[in-house]
Every structure is written in C-alpha cells, then in structure tokens.
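Trainee: what follows is a predicted protein model with its sequence.
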Amino acid sequence: MIYGIANALDISLDYLFGVGEDGAVPARRQGEQLAGEADALPRFAMTAALGAAAAGPGAADAGTADVGRPGARPSGAASGADPADGPSVLPDEPVVQRRSRRRTIDLASGVRWERLTPQQDARVDFLEVVYQPFGRSTDTHASIRHDGREYQLVLHGTLHADIGFETYVLEAGDSLAFDSATPHQYRNMTDQEVRVISVVIHHTA
C-alpha cells in the first residue's frame, strides 16, 4: 500500500522515507535480503502486483495475472557483487552501472531481472532479462498488463512473446514495441538460456 501511494504521487520510496538526499541507495552485503524492498523491483512489476491500489481503476482485468503475486515474487534476494569484483559507482557519480554490481532479482518462474541503471528511475525500467530454459515471465502462465510502452530486444536465444491474441517468435536481433496495457507474457520454450534487453517507459503526469 505504501508503494501504491508513492507510485500515485510519482515519487520514490527513497524520497518518501528520506533515505539519502542524493537519492543513493545504501549498499548491501552480498546475499542479504530486505523484505518488501520495492526499489529493486521494476516499477511495472510492483504496479501489477498492487493492481488498482497502485495503478488506479481499470488498470488490469480479471483475466490477467499479477506478476508480483506470491507465486511470482522473487525467490531470491536482490543482490550485488562483492566490491572486490570490480569498481563501484560512487553516489556522486550516478552515471555508470558496472556489470559486476547490477541489482538483480530472481523470480520463481525461472527469470532473472538485472537492472541496467545505477539508480532507480521512476520514468523507465531498463533491464537485461535472463530466461532460464523453459522459464517464463509469470509462473501463473497468464498474461499481465501495466502502464507505459514496452520495448524488447533479443540478444541471445529464441523467445516466444504473447501480445494480445498473437504469439511472436523472436530470434537474436529481433525486437518488438507495444503498449504495455495490452495483455502480454514472455516464454522460453527451449532448453537454452535466452537474454533480452527490456525497456519500459512509463506514462508521466
């Protein structure tokens, strides 16, 4: 509910709780789990999870599943690499996101989100998404909807994208763009890992 309020006001939880005037997120020990940490979750996932509380009436229908429901919540902690693995991003230099220090979330459905921005950005979710063999965007096998416009670029492997009533098979180098209010889900139907660059641009007031 708190995230829903912050989302409705278009402010971050960091701002709401006054965590760091510069917007920096405190560092975490490797493997540490912070229950309910919304900053690590892409905004579209939390919006879907909270339904009308976060996105307003009519944002989702009864035929769609919430990606943030108990079965689809992260099965592992959001994590970062040990500082010894590579250079870190200083709070006063929020420009470069080192690969070794990406914020990551593992979903129970066999998907990993890796945030590509040094800090949370309320306007856009910029992610590298890894689909394990036979992994899918939701473990309920149902489509989701959320605000914004969505772009996907397949880097490696073959991804099945269900957009509305159509299914598209995307190979490496293929991309797509659509309104995220359209029910959709992604599936890896192979025994090989699939890697995708995902961008969701949210509607702003």
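Mentor: Alright, I've got the coordinates. This one's a predicted model, so the numbers in the text were calculated from it and none came from an experiment.
Trainee: now do the helices for the chain: every range, in order, please.
Mentor: Assigned by DSSP state H, the helices in the chain fall at 2-9, 13-17, 43-50, 52-55.
Trainee: what ranges do the strands span in the protein?
Mentor: With strands called from DSSP state E, the chain shows them at 104-107, 111-115, 124-131, 149-156, 159-163, 166-170, 175-179, 184-187, 194-201.
Trainee: so for Arg98, which of the ones you listed sits nearest?
Mentor: Proximity to Arg98 (C-beta to C-beta) singles out strand 111-115 among these, at 11.7 Å. The way it works is simple: take the backbone N, C-alpha and C, and place the C-beta from them, glycine included.
Trainee: what's the angle from the closest one to strand 194-201?
Mentor: Angle of strand 111-115 versus strand 194-201, following axes from the mean of the first three to the mean of the last three C-alpha atoms, to 10 degrees, is 50 degrees.
Trainee: note down every partner strand of strand 111-115 and its orientation.
Mentor: Using DSSP bridges, the strands paired with strand 111-115 are strand 104-107 (antiparallel), strand 124-131 (antiparallel).
Trainee: sorry, back to before: ok, of the helices of the chain, where does mean pLDDT dip lowest?
Mentor: Among the helices of the chain, helix 52-55 has the lowest mean pLDDT, at a mean of 39.
Trainee: mind putting the strands paired with strand 111-115 into JSON lines with mean pLDDT?
Mentor: Shown next, in JSON lines, are the strands paired with strand 111-115 (pLDDT from 0 to 100):
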{"stretch": "strand 104-107", "mean pLDDT": "93"}
{"stretch": "strand 124-131", "mean pLDDT": "96"}
